[in-house]
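[1] structural data only, the sequence is not supplied:
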């Protein structure tokens with residue numbers, strides 16, 4: 001299963017206890033089967049995936065995406081007191097930038 005770009009990074013996540021397979025901590029050598037549930041904490045985001053079919057050999061990201069179903073919550077980050085920033089929304093407006101700056105000066109963020 002391909003959740004991160006490199007194998008050494010995947011190994012570090014497993015050894016750090018950030019990956020669970022069916023609720024149990026996963027080792028780097030853990031084999032997954034169809035129907036297994038994989039939960040991982042990657043870059044401050046929880047990923048929840050269900051294996052559709054296991055991958056036997058190394059494949060590219062476009063092929064790997066077809067081998068699992070993503071049940072992860074949407075990526076939303078909260079900054080400051082009540083200001084929600086969604087990934088991919090682009091540059092903040094002038095008004096929002098002023099609000100963010102005001103919060104930073106007051107110690108809110």
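    Yep, it's here. In this text the structure is predicted, and so the values were computed from the model without any measurement. Numbers count the residues shown, from 1 in each chain.
[2] the longest helix along the chain packs against which elements?
    Looking across the chain with DSSP state H, the single longest helix is helix 94-106. On a contact count with 3 or more C-beta pairs under 8 Å, 6 or more residues apart in numbering; DSSP states H and E, helix 94-106 meets strand 83-86. Just so you know, the C-beta spots here come from the backbone N, C-alpha and C atoms, and that holds for glycine as well.
[3] hang on, the earlier thing: I'd like the distance from the longest helix of the chain to the chain centre, please.
    Remark: helix 94-106 is offset 28 Å from the chain centroid, using C-alpha atoms, centre = their mean, to the nearest Å.
[4] what do you get for stretch 58-77?
    9 Å.
[5] now that stretch: mean pLDDT?
    The average pLDDT within stretch 58-77 is 85.
[6] which parts of it are buried?
    Neighbour-count burial for stretch 58-77 flags 67-68 (criterion: 16 or more other C-beta atoms under 10 Å).
[7] how about stretch 15-33?
    Neighbour counts over stretch 15-33 (16+ other C-beta under 10 Å) mark 18-21, 26, 32 as buried.
[8] can you redo these as JSON lines with pLDDT, secondary structure and distance to residue 50?
    As requested, the buried residues of stretch 15-33 are exported to JSON lines (pLDDT from 0 to 100; DSSP: H, G, I helix; E, B strand; the rest coil; distance: C-beta to C-beta, whole Å):
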{"residue": "18", "pLDDT": "92", "secondary structure": "coil", "distance to residue 50": "18"}
{"residue": "19", "pLDDT": "94", "secondary structure": "strand", "distance to residue 50": "15"}
{"residue": "20", "pLDDT": "94", "secondary structure": "strand", "distance to residue 50": "13"}
{"residue": "21", "pLDDT": "95", "secondary structure": "strand", "distance to residue 50": "11"}
{"residue": "26", "pLDDT": "92", "secondary structure": "coil", "distance to residue 50": "15"}
{"residue": "32", "pLDDT": "91", "secondary structure": "coil", "distance to residue 50": "10"}
